[in-house]
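Enquirer: structural data only, the sequence is not supplied:
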C-alpha cells in the first residue's frame, strides 16, 4: 500500500529533480539525497517555499548531490494533516533522502514523529518549533536542526529604514498575544529611535496592538439613512405603497424594488400580490412585478404611482407558529405560521454591545426541527406543533462592532439594523419611510472620528439592503493614516494584512512595510522584512548540527529587506553590519522592558494606544 501511494505521488505531484528530469518509474529506482516537502504551496510562490527550494538547489549544485521537492495536498484553510505530512516523509525516506527539509510551522507537528521514526535521517525544520504531539513545549532531537529568525533585528531594520526614508510620523500594528509580533514591534521602535537620534529629527510613532484588552480604540460606527426633498430631484418620482409587506417608498422611474410580503397570519398562507395603479389614465397592467405568486418579488417602477397588496388565503391544513424571541426574551422579535412539513429560515436579533450569538433554546426536543442550533441563521422544519426559539448570547471573545443605524432628515420613524456584530456577520438595514415630500437617496457611514469605514453594501441606494461586517481591525490602520501617519509596519501577526488593505483607500499615497514574505499582497508594500529561508537552509545543510537551533539574523544574512533607497544604502548597510556584529543589540519587551521604556528618547515620541 505504501509503494502504491508513492507511485501515485510520483505521477500526480509537481516534483522536480535538479539533476534528472526523466519520467517517474518506481520509488526504488529514484534516489535523492535531499528532499524538500513544501507547506502546500509551490516552489514558485515568491515566498517561503521558493526561498527554501533555492537554498536546497544552491547547496545541491555546490555539493554535487541530488534533490527534489514534494508539494503536499492541503485541506481546509491550506492546513496539512500530520498523517498526510507523514506519508510524504515516508515517501522521501523510500527515495533515499539523507536530508528532509520541512519549511514553516504547518509541518512542525509531523517533524517530531518522523525524526523519532527515522533516526538515521537528518531533518531541517525551518521557522517552526520542534515539539511532540502531546505538548507545545520546545524539544531537541539529535537528528533535527530547527531554524528561527531574529524578529528584533528585522523590526530594527524596518524602523531605521522607514525614518531614513523621510517618515517622521510612523505607525505600528501589532499583536499582544503573538511573541513573534512583539519582537517585530520592539525592534521597530528601537530602529526608528536610532534613526531619529542619528538624524536629530523628532519622530512620532503610533503603536497599537489590535488584540490587547487595553486598546484604546472605539470600533463603533454609525450608518445613516439619507433623504432628499423630491423637489430637488431632477428625475420624476413615483410613490409606491406596499400593503402587508416591505417596499413602500418614493422611487424614480426604472428603479428595481424588492418587495417582501409579511408573514402569513395564523390559519393563512400567502396567495398572491394584487396591483393597482394610482395614477389617473395609467392601467393597472403598467404595475410591473416579476411574479405575483411568490411572497418575494421585484417591482420595476413604471411612470405611475401604485398600491401593491399582499393577499392571503385560508391554509389547507392547520398552521403552527414559529416565534423568535428578542434578545432580552421579553417579546417576539418575529412570528410566522407554517403548515406541517414546511420550512423557513430564521435569524437571531442583533446582539447587545460586547455580546455575540451563542445558540438557540427551543421549546421542543423534536429531532430535525432545527438544522444548526449554534447558527445565528438557520432553517426550521415544522412538525405538528408550534416552535418558540430563544436566542442565547455570550460575551464575545473578540472585539464586537457596535453599529448604530439612524434616520436622517426627511425620514419618518426608526431605521432598523442597530446592534453588536463580529467579523463576517450579515448586517441587514431597513430605512424608515420618507416623510411626505421626501425620497430616500442613500446610506452613509462614519466612525466616531467622522471617517468612512470601508463597508460595502449590496446596494447603498436602496432602502432595504445589507452588508457583511468587514474586518474592522483595518480601521485601526485607517485611523493612523487619517491622523497623518505616512507609513505603518504590519507587525507579523494574524491580522497584519489589513495594513496593506488600508493603503488601497489612499491610492498609495500612504505606505506600509511588510513584516514577513508570506503576507498576501506583500509586493504592494514600500518594503518588507524578509526571512531568508534559502540562506538559512543552505547554511544548515553545509554544516548540519543536530539538536541545535539555528538563528537567521544579520550576522549570517538570514534576514533582509526588499527595498532600501540607494541614497540611504551606506547608512543602512552600516546598521546592518552593526546588528550582525552585536555592536547594536536591540532588547525585547520582556525581563522588565516595556514598549514605553525602550522608546524613551528626546527624538522619539511614542503614542501608545492603550488605556492608562
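Expert: Now that the structure is in, tell me what you want to look at. A quick note: this is a predicted structure, and the numbers were derived from the prediction, not measured.
Enquirer: C-alpha from now on. contacts and neighbour counts both.
Expert: OK.
Enquirer: quick one, what contacts residue 603?
Expert: If you count contacts by Cα atoms under 8 Å, 6 or more residues apart in numbering, residue 603 has them with 193, 196-197, 200-203.
Enquirer: likewise residue 355?
Expert: 393-396, 400, 420.
Enquirer: from those, which two are the most distant?
Expert: Longest distance between any two of these is 12.8 Å, between 393 and 400; criterion Cα to Cα.
Enquirer: between those two, which one's more packed in?
Expert: Summary of the neighbour comparison: residue 393 and residue 400, criterion other Cα atoms under 10 Å, with residue 400 having more neighbours (23 against 19).
Enquirer: could you measure from the more buried one over to residue 559?
Expert: 37 Å (Cα to Cα, to the nearest Å).
Enquirer: quick revisit: out of the contacts of residue 355, who's nearest residue 576?
Expert: Ranked by distance to residue 576 (Cα to Cα), the contacts of residue 355 are led by residue 400 at 41.7 Å.
Enquirer: which residues touch that closest one?
Expert: When contacts are counted by Cα under 8 Å, 6+ apart, residue 400 is found next to 219, 353-356, 420-423.
Enquirer: please redo it, this time with the cut-off set to 7 Å
Expert: Remark: with contacts taken as Cα atoms under 7 Å, 6 or more residues apart in numbering, residue 400 is in contact with 354, 420-422.
Enquirer: next one: residue 147
Expert: By Cα under 7 Å, 6+ apart, residue 147 lies in contact with 125-128, 549-551.
Enquirer: out of the residues you listed, which are buried?
Expert: Among these, those classed as buried by 16 or more other Cα atoms under 10 Å are 125-128, 549-551.
Enquirer: I'd like the residues you listed as JSON lines, with pLDDT appended.
Expert: Formatted as JSON lines, those follow (pLDDT from 0 to 100):
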{"residue": "125", "pLDDT": "96"}
{"residue": "126", "pLDDT": "95"}
{"residue": "127", "pLDDT": "93"}
{"residue": "128", "pLDDT": "89"}
{"residue": "549", "pLDDT": "95"}
{"residue": "550", "pLDDT": "97"}
{"residue": "551", "pLDDT": "97"}
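Enquirer: and which of those is nearest to residue 450?
Expert: Sorting those by distance to residue 450 puts residue 127 at the head of the list, at 42.0 Å, by Cα to Cα.
Enquirer: my guess is that closest one contacts residue 102, does it?
Expert: No: checked against Cα atoms under 7 Å, the pair residue 127 and residue 102 is beyond contact range at 9.1 Å.
Enquirer: need the contact list for the closest residue to residue 286 other than its chain neighbours.
Expert: Setting aside the residues directly before and after it, residue 286 is nearest to residue 302 in space (Cα to Cα, 6 or more residues apart in numbering), at 6.6 Å. Contacts here follow Cα under 7 Å, 6+ apart; on that basis residue 302 touches 253-254, 286-287.
Enquirer: assumed residue 302 was part of a strand.
Expert: No: note on residue 302: no strand contains this position according to DSSP: H, G, I helix; E, B strand; the rest coil, which reports coil.
Enquirer: which phi and psi does it have?
Expert: In this entry, residue 302 is assigned phi and psi values of phi -100, psi -170 (degrees, to the nearest 10).
Enquirer: same question, residue 481
Expert: Here residue 481 shows phi and psi, under degrees, to the nearest 10, equal to phi -60, psi -40.
Enquirer: what does residue 573 give?
Expert: According to degrees, to the nearest 10, the main-chain angles of residue 573 amount to phi -60, psi -40.
Enquirer: report the beta-bridge partners for the nearest residue to residue 296 once chain neighbours are set aside.
Expert: Nearest non-adjacent residue to residue 296, counting by Cα to Cα, 6+ apart: residue 260, 4.5 Å away. Note on residue 260: beta-bridge partners by DSSP bridges are residue 246, residue 296.
Enquirer: which residues does residue 488 contact?
Expert: Residue 488 makes contacts with 170-172, 511-513, as judged by Cα under 7 Å, 6+ apart.
Enquirer: next one: residue 103
Expert: 38-39, 125-127.
Enquirer: gap between stretch 159-179 and the chain center?
Expert: Between the mean C-alpha location of stretch 159-179 and the chain-wide mean there is a distance of 21 Å, by Cα atoms, centre = their mean, to the nearest Å.
Enquirer: end-to-end on it?
Expert: Where stretch 159-179 begins and where it ends lie 18 Å apart, using Cα to Cα.
Enquirer: so, low pLDDT: which residues of this protein?
Expert: Within the chain, the stretches falling below the threshold (pLDDT under 70) are 1-30, 77, 366, 507-508, 517-524.
Enquirer: that one: helices as residue ranges?
Expert: Along the chain, the segments classed as helices by DSSP state H run 2-12, 48-63, 82-94, 108-117, 151-164, 179-199, 474-482, 497-504, 533-542, 569-580, 595-599.
Enquirer: ok so, going back, and the contacts of residue 488, which two are furthest apart?
Expert: The most widely separated members of the contacts of residue 488, counting by Cα to Cα, are 172 and 511 (12.0 Å).
Enquirer: who has more neighbours out of these two?
Expert: Ranked by neighbour count (other Cα under 10 Å), residue 172 and residue 511 place residue 172 first, with 28 against 25.
Enquirer: from residue 67, how far off is the more buried one?
Expert: Computed as Cα to Cα, the residue 172 to residue 67 distance reads 41 Å.
Enquirer: try residue 109
Expert: Here residue 109 is placed at a distance of 23 Å from residue 67 (Cα to Cα).
Enquirer: mind listing what's buried along stretch 110-130?
Expert: Judged by neighbour count using 16+ other Cα under 10 Å, the buried positions of stretch 110-130 are 110-115, 121-130.
Enquirer: could you work out the most separated pair of these?
Expert: Of all pairs drawn from these, the one with the longest distance (Cα to Cα) is 121 and 127, at 19.5 Å.
Enquirer: measure the nearest residue to residue 309 once chain neighbours are set aside to residue 435 for me?
Expert: Spatial nearest neighbour of residue 309, chain neighbours left out: residue 243 (4.6 Å); criterion: Cα to Cα, 6+ apart. Taken as Cα to Cα, the spacing of residue 243 relative to residue 435 amounts to 17 Å.
Enquirer: and residue 402, by the same measure?
Expert: Counting by Cα to Cα, the gap from residue 402 to residue 435 is 28 Å.
Enquirer: nearest spatial neighbour of residue 470, chain-adjacent residues omitted?
Expert: Looking at residue 470 with Cα to Cα, 6+ apart, the closest residue is residue 423, at 5.5 Å.
Enquirer: ok, how many other residues are close to the one you found?
Expert: 15.
Enquirer: go on, residue 218?
Expert: By other Cα under 10 Å, 15 other residues sit near residue 218.
Enquirer: lovely, talk soon.
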